[in-house]
Structures are given as C-alpha cells and as structure tokens.
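In: Here's a sequence, model it:
(one chain, ligands or ions: 3)
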Amino acid sequence: MDNKIFVMDHPLIQHKLTFLRDKNTGTKEFRELVSEIATLMCYEATRDLPLMDVEIETPMCKATTKVIAGRKLAFVPILRAGLGMVDGMLQLVPSAKVGHIGLYRDHETHLPVEYYNKLPPDIEERDVIVLDPMLATGGSAIDAITIVKRSNPKSIKFLCIIAAPEGLKALSEAHPDVQIYCAAVDEKLNENCYILPGLGDAGDRIFGTK
Ligand SMILES: O=P(O)(O)OC[C@H]1O[C@H](OP(=O)(O)OP(=O)(O)O)[C@H](O)[C@@H]1O
Ligand SMILES: O=c1cc[nH]c(=O)[nH]1
Ligand SMILES: [Mg+2]
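Out: Numbers count the residues shown, from 1 in each chain. Ligands and ions are numbered 1, 2, ... in the order given. Next up, the predicted model:
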C-alpha cells in the first residue's frame, strides 16, 4: 500500500463510533453521530491546508497573523450514505462546494453501479475530499475517485468512518496517490461483503429505510 492511511483514533471519535455501531441506536441519533464524526475527521483531514500571513490590528497593536491561503475545497459525497457526512464537514469549511456521485452496490455482484454524477464546474481549481462512511470491498470508492479524476482536481483525499482491510488494500492499489482517512479499520468482510463488526448498512441507518 503506497498511500498514507490515517486512522483517526482520537478518543472522542472512538467514543461516538461505539454508539454508531450499536444496533439499538435509532435513526435520529445515528444521523447526528455520523455528522459529528465527520466534523471531527474534517478537522484532521484539513491539517495540511496552507496558511499565509496577513497584517491586522488587535486592540493592543499591529500583528502579523495567519489565514488559510485561498485554497479551495470541494466535498464529494458518494450517495446515499456519504450525504450524512456533508453537513458535518461544512460546519468547519462552510465555503466548500459540494459535488455528488450516485453509486449503489449491486446486491448479487457487490459491484458499484453509477446512477448520478454532478461535480462543481471549477473542480480543477479545487482540492477534493470524497466522502463515504463505509469502505468495504473498495469498489464504490475506487469508481467514485476514477470519476472525480476525469475532471482533473488539484488533489483528492478519501474520508470514510469504517474501513475493511480488503477495501483499504484495493483502494490504495487502485489510487496510490489518494490519501485515505478513516476512524477504524475493522476485521474483515462477511460473505455478502458487509463489514464485520461494522455498523450494518450505513445508508439504511441514516435514512431509516430498513
Ligand atoms: O466498498 P464497497 O464494497 O463498494 O461498499 C461500500 C459502499 O456500500 C454502501 O453503499 P450502498 O451500495 O449500500 O448504497 P447506499 O449508500 O445508497 O445505501 C456504502 O455507503 C458505500 O458506498
Ligand atoms: O458493511 C457495509 C458494507 C457496505 N455498505 C454498508 O453500508 N455497510
Ligand atoms: Mg446502503
């Protein structure tokens, strides 16, 4: 695996992840937790944003201080479940543009099927963070990043909450230039390509469709 894989094992994230995994957690709380975890992960995933000096005056004196150096971001959730992370990310970067890529996993083959694609027109000027709570086989993330790459963004990161080792391997081999951020690396996939222990079907739990 060539990529840097960052596992964000901050205590606040690990604590919230426990409640996210719990099968007794209902839709409202699940949604809130996904959003809160996304905010915490956004903080870490934007750590390398470049800064520049500006001159200001405090009530006391003139000072040279820092602001983010005009770097433009775009968040690209993979529908549906990635939508649950968008508001949490926008809490920290409200000016980011948001693109959408619609993919679902075919129930028999477990392969992703594309059904929607709308990206910001100026994406080539932007650093992109692709969002999806689950990285299972890696097929959806690989296809979504391939789609984003066609529009030539400045850089791409992938941010998920739970990753399976199989997905991390597949994604880092397919896109070795993409940094991957996750909150946990789980044990393995089951025979239906669901993550164990995982949290079940993220999309269904966010939208209450099961
Ligand atoms: O790594 P993979 O094996 O591709 O699996 C991960 C994908 O599966 C889930 O989406 P799903 O197909 O359930 O669609 P949904 O978000 O609409 O529920 C999840 O949100 C990822 O997009
Ligand atoms: O465990 C899994 C695997 C894929 N998609 C999910 O939502 N959960
Ligand atoms: Mg789903």
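
In: Poorly predicted segments of this structure, please.
Out: Counting by pLDDT under 70, the ranges of the chain that qualify are 1-3.

In: Pull up the residues of it that are close to ligand 1.
Out: For the chain, the residues in contact with ligand 1 (Cβ under 6 Å from any ligand atom) are 78-81, 103-105, 110, 112, 132, 134-141, 167, 193, 201-203. Backbone N, C-alpha and C define where each C-beta goes, glycine included.

In: What subset of these is buried?
Out: Buried subset of the residues of the chain next to ligand 1 (neighbour count, 16 or more other Cβ atoms under 10 Å): 78-81, 103, 105, 112, 132, 134-141, 167, 193, 202-203.

In: Next up, identify which helix or strand the nearest residue to residue 178 once chain neighbours are set aside is on.
Out: Of all residues not flanking residue 178 in the chain, residue 156 sits nearest, at 5.0 Å (Cβ to Cβ, 6 or more residues apart in numbering). Taking DSSP states H and E as the definition, one finds residue 156 inside strand 155-159.

In: Point me to the residue of the chain nearest ligand 3.
Out: As assessed by Cβ to the ion, ligand 3 sits closest to residue 203 within the chain, at 3.2 Å.

In: what does stretch 46-65 contact?
Out: Contact with stretch 46-65 is made by 66, 67, 68, 69, 70, 71, 73, 92, 93, as judged by Cβ atoms under 8 Å, 6 or more residues apart in numbering.

In: hmm, 10 Å instead?
Out: Contacts with stretch 46-65, where a contact means Cβ atoms under 10 Å, 6 or more residues apart in numbering, come from 6, 66-71, 73, 89, 92-93, 96, 127, 129, 155, 157, 179.
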